[in-house]
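S.K.: okay, sequence plus prediction incoming.
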Amino acid sequence: MSENLPESKLRRTVVGGKTAANVSGKVLKYLAKKPFLKKEDQQRARASLEKDYAAEIFKGLVMLKGTALKIAQMLSFELDIVPPSIRKELEKSYNRVPPINRALVRKAIVNAFDQSPESTFGSFDYQAFAAASLGQVHKAEDANGNRLAVKVQYPGIGKTIQNDIQMVRSLTAPTPYARFVHPVLEEIEKRLMEEVDYLQEAENTAYFHQHLRLEGLVIPSVKQDLSTKTVLTTEYLDGISLDSWIATNPSQEERDRVAAILNEQFLFSLFELKRLHADPNPGNYLILDNNVVGLVDFGCVKRFSEEFIELYRQITRTLIKGNREDYFHYLRKMNVLRSKVDAETEDEIYQVFRKIRDWFKQLYEPDMFDFGLHSDFIAEGKQIMQETYPFRKYFQPNPEFVFLNRTHYGLFRIYEKLKARVKLKNLYEWG
Amino acid sequence: MKISNQQKKKNRKKIIGVAVDVMIDKGFKDATMRAIAKQAEIGDATIYNYFPTKESILFAYYEEKLATCVEKLRKVEKFNEFTIHEQLQTFFEIQLEQFLPDREFIALSFKKIFFSMSQNAELLDSIQEQFEKIIADIFEAAIEVNEIPEQVFQQIIYHLFWDYYVGMIIFWLNDKSDQFSDTSVMIDKTLDLFCAILKAGAVNKLFDIGSYFFKNHFLGRLDRFKKRVDTIKLIKREFMGK
């Protein structure tokens, strides 16, 4: 019971309304204070108010489950407006939609194929063997006994997502963050709605199955005739999840090899295919016999424009080798920095960037970066990134970055888990 | 002409199916027994061997759907391993799946069947009985494997499910969501709650509270009342002597 997401709009509105009421209470407090404050006190009051805003809004979102929480997590990941305490709270919250019981699974199959699972498949296991972000995966066989993985979606989830996005949007609208939040929210909504459309995912999976051909990597083939908007059937990959594999204590060489394959698929997808499997959840990487890596769940695929990739290709080099002028030129070209920044602020921003560079450089200086030796590398980077926080009003998020960064740092986190040595220096960025 | 039992069954089924179509086309009022017989290619008189009235065909439709539902439940893989919640939910969902092609017919016959206090009460009783037998089967199995504790007033709970069933169909008839997913979610959530209440033995606990109040207050009051009666008797004796 406790795992159920509050689904009725009334309930969600009640929870959301609570948050909004709290926020407007805070605004009143600030407005009442304002006329009597000295200039710098006013600024301090505003800063404290902004913090309260974020805290209240995200506290409200933690109370919700499922998709609303997922949206909140994605937002907090992208935007540095969330106080660390709340961010931690969000990160550990459970963002899966509740498991679909066997009656609903049967219903979902009937909805999709107009017949029962028993008539649709040769055999069908009502018990799911894996959770997917907006559904779950079942084992099945076709009429010829070929093993299949069938991903089933919770009925009505699309509507829930739209309601939730709408709610987060209206919650954040009266805040000073609307400017940051709304473009990112739009991007998140687009991705989530794509994720709900399994036909899109079938297409993505088939595309990567055909084009992402690397040694040591498999991508399951799609059974088009057994796939619909809400049910996705692919060939079954007989492997274990990355986390379970790590638990079997694989050797350093094996771990390095797996990390190398993951890194290679990332670079090839980004720079050659210009589309990316953008959901670096350890559950999406399976380890098969002979340490072959299986890549599954193409619900979240990001496509990039030629121009963006060209610009992105230079990011590493600019960051490591560039001078001050290069930095600001690059930031403006990426449309991340607002054009009007006074010299003093520019100076301060540059100081922070130098710190980021010193941290980032470590990845590319050695031939191989040993994540096992630097187990707190990502945490360290996060710390440094937070120093950009005071300058956030000069930045605007570039939506293209949202999923790219998520994937990139998600993979780094996986290399960290693997304690792997990875050759990050590559021809695409250094060629 | 003598016809086999099997042929009889087949004809019965055919009449029901045809009646549904005719009623959708013409409405209940204008769908005559004669029109139905003609469509079913059965004699104008012969049809009365199967159904005495138009109404009785309606009831037969619902009865038949319940019977097929049981057959379909038997075919669900490992249905016996489902929880009571999942079993009930599957039962309701299969019912709706069967109603789906005849949705217009359900919409026009539903009120007539479930809310008319006509002379057909015993026909409705028979559907309800059949329905509650299915629910009872599911419940008894769950009690047998200790999934839920034995419930007081079990019969009343079955009646409640009948009311739930009627309500669910109304909800479904008014559901405008894609593939009626709102109904699915409604069934899922409400059964989740019901089954949690059943599992917690909340009905039994309510009964315990009820009987406690009954004993302490109602019976206690009776006691006081008895005392008063005694007092009156005493006064009476004092004044009137005895």
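M.R.: Sure thing, it's come through.

S.K.: quick one, domains of chain B?
M.R.: B:1-52, B:54-200, B:201-242 (automatic domain parsing).

S.K.: which one of those domains lies closest to chain A?
M.R.: Chain A lies closest to domain B:54-200 among the domains of chain B, at 3.4 Å (C-beta to the nearest C-beta). C-beta: built from backbone N, CA, C; applies to glycine.

S.K.: what's the end-to-end length of the closest one?
M.R.: 46 Å (C-alpha to C-alpha, to the nearest Å).

S.K.: then stretch A:213-233?
M.R.: 21 Å.

S.K.: can you give me the offset of that stretch from its chain's centre?
M.R.: 21 Å (C-alpha atoms, centre = their mean, to the nearest Å).

S.K.: any residue of it touching chain B?
M.R.: No. Figure legend: stretch A:213-233 not in contact with chain B (C-beta under 8 Å from any C-beta of the partner chain); closest approach 8.6 Å.

S.K.: nearest residue to the middle of chain B?
M.R.: residue B:162 (3.0 Å; C-alpha atoms, centre = their mean).

S.K.: pretty sure that residue sits against residue B:134.
M.R.: No. Between residue B:162 and residue B:134 there is no contact under C-beta atoms under 8 Å: 10.6 Å.

S.K.: phi, psi for the residue of the stretch 201-350 of chain A found nearest chain B please.
M.R.: Chain B sits closest to residue A:230 of the stretch 201-350 of chain A, with a gap of 8.6 Å, by C-beta to the nearest C-beta. Residue A:230 adopts backbone torsions of phi -120, psi -10, taken as degrees, to the nearest 10.

S.K.: and the nearest residue to it once chain neighbours are set aside, how far from residue A:119?
M.R.: Among residues not flanking residue A:230 along the chain, residue A:153 sits closest, at 4.4 Å (C-beta to C-beta, 6 or more residues apart in numbering or on different chains). Relative to residue A:119, residue A:153 is positioned 20 Å away (C-beta to C-beta, to the nearest Å).

S.K.: ok, the two, which is more surrounded?
M.R.: The neighbour count for residue A:153 versus residue A:119, taken as other C-beta atoms under 10 Å in any protein chain shown, is higher for residue A:153 (26 against 12).

S.K.: tell me the contacts of the more buried one?
M.R.: Contacts for residue A:153 (C-beta atoms under 8 Å, 6 or more residues apart in numbering or on different chains) come out as A:108, A:134, A:135, A:196, A:198, A:230, A:231.

S.K.: okay, now the fourth one: neighbour count?
M.R.: To tie it back to what came earlier, the one meant is residue A:196. 24.

S.K.: swap in residue A:420?
M.R.: 24.

S.K.: just the one 3 residues further on next, same as before
M.R.: Using other C-beta under 10 Å, the number of residues around residue A:423 comes to 15.

S.K.: contacts only, for the residue of the stretch 201-350 of chain A closest to chain B.
M.R.: Per C-beta under 8 Å, 6+ apart, neighbours of residue A:230: A:108, A:111, A:112, A:152, A:153, A:155, A:198.

S.K.: quick check: phi and psi on the fifth one?
M.R.: Same thing as residue A:153. phi -100, psi 140.

S.K.: and if you look at the second one?
M.R.: Dihedral pair for residue A:111: phi -60, psi -40, per degrees, to the nearest 10.

S.K.: surely it touches residue A:152?
M.R.: No. Counting by C-beta under 8 Å, residue A:111 does not reach residue A:152; the two are 9.9 Å apart.

S.K.: those two: who's more crowded?
M.R.: Ranked by neighbour count (other C-beta under 10 Å), residue A:111 and residue A:152 place residue A:152 first, with 26 against 23.

S.K.: and the helix or strand bottoming out on mean pLDDT in chain B, how far out from the chain's middle?
M.R.: Within chain B, no helix or strand scores below helix B:220-240, which has a mean of 72 by mean pLDDT, DSSP states H and E. Distance, stretch centre to chain centre, for helix B:220-240: 50 Å (C-alpha atoms, centre = their mean).

S.K.: so who does residue 136 touch?
M.R.: In the absence of a named chain, this looks at chain A. Per C-beta under 8 Å, 6+ apart, neighbours of residue A:136: A:99, A:100, A:105, A:128, A:130, A:151, A:152.

S.K.: sorry, should have said chain B
M.R.: B:154, B:158.

S.K.: tell me the spacing between it and residue B:142.
M.R.: 11 Å.

S.K.: go on, residue A:360?
M.R.: Distance of residue A:360 to residue B:142, computed by C-beta to C-beta: 60 Å.

S.K.: go on, residue A:185?
M.R.: Taking C-beta to C-beta, one finds residue A:185 at 45 Å from residue B:142.

S.K.: which positions in chain A make contact with chain B?
M.R.: Residues of chain A lying near chain B (C-beta under 8 Å from any C-beta): A:1, A:4, A:7-8, A:101-104, A:106-107, A:110-111, A:116-118, A:123-124, A:126, A:155-156, A:159.

S.K.: who does the lengthiest helix in chain B touch, helix- and strand-wise?
M.R.: As assigned by DSSP state H, the longest helix anywhere in chain B is helix B:5-30. Judged by 3 or more C-beta pairs under 8 Å, 6 or more residues apart in numbering or on different chains; DSSP states H and E, helix B:5-30 is in contact with helix B:33-39, helix B:47-50, helix B:54-75, helix B:103-115.

S.K.: for the shortest one, packing partners?
M.R.: With contacts defined as 3+ C-beta pairs under 8 Å, 6+ apart, the secondary structure elements packing on helix B:47-50 are helix B:5-30, helix B:33-39.

S.K.: show the low-confidence segments of the stretch 1-150 of chain A, by residue range.
M.R.: Flagging of the stretch 1-150 of chain A using pLDDT under 70 yields the residue ranges A:1-66, A:77-98, A:133.

S.K.: oh, I was asking about the stretch 201-350 of chain A
M.R.: A:339.

S.K.: touching, residue A:355 and residue A:386? I think so.
M.R.: No. Residue A:355 is not in contact with residue A:386 according to C-beta under 8 Å; the separation is 10.9 Å.

S.K.: contact partners for the nearest residue to residue B:199 once chain neighbours are set aside?
M.R.: Closest residue in space to residue B:199, ignoring its immediate chain neighbours: residue B:148 at 5.3 Å, by C-beta to C-beta, 6+ apart. By C-beta under 8 Å, 6+ apart, the contact set of residue B:148 is B:84, B:139, B:142, B:195, B:198, B:199, B:201.

S.K.: how many neighbours does residue A:239 have?
M.R.: Neighbour count for residue A:239, taken as other C-beta under 10 Å: 19.

S.K.: swap that for residue B:72, please
M.R.: Applying other C-beta under 10 Å, I find that residue B:72 has 17 neighbouring residues.

S.K.: one more: the one 3 residues further on?
M.R.: Residue crowding around residue B:75 was assessed by other C-beta under 10 Å; the count is 11.

S.K.: ok, it to residue A:196 distance?
M.R.: 30 Å.

S.K.: also residue A:266?
M.R.: Per C-beta to C-beta, residue A:266 is found 25 Å from residue A:196.

S.K.: about what we covered before: quick check: pLDDT value at the residue nearest to the centre of chain B.
M.R.: For residue B:162, the pLDDT comes out at 92.

S.K.: for the host helix or strand of it, buried residues please.
M.R.: If you go by DSSP states H and E, residue B:162 is part of helix B:154-173. Residues of helix B:154-173 classed as buried: B:157, B:158, B:161, B:162, B:164, B:165, B:166, B:168, B:169, B:172 (neighbour count, 16 or more other C-beta atoms under 10 Å in any protein chain shown).

S.K.: contacts for it, please.
M.R.: Residues outside helix B:154-173 that contact it (C-beta under 8 Å, 6+ apart): B:88, B:92, B:95-96, B:99, B:103, B:106-107, B:110, B:114, B:128, B:131-132, B:135-136, B:139, B:151, B:180, B:182-183, B:186-187, B:190, B:198, B:203.
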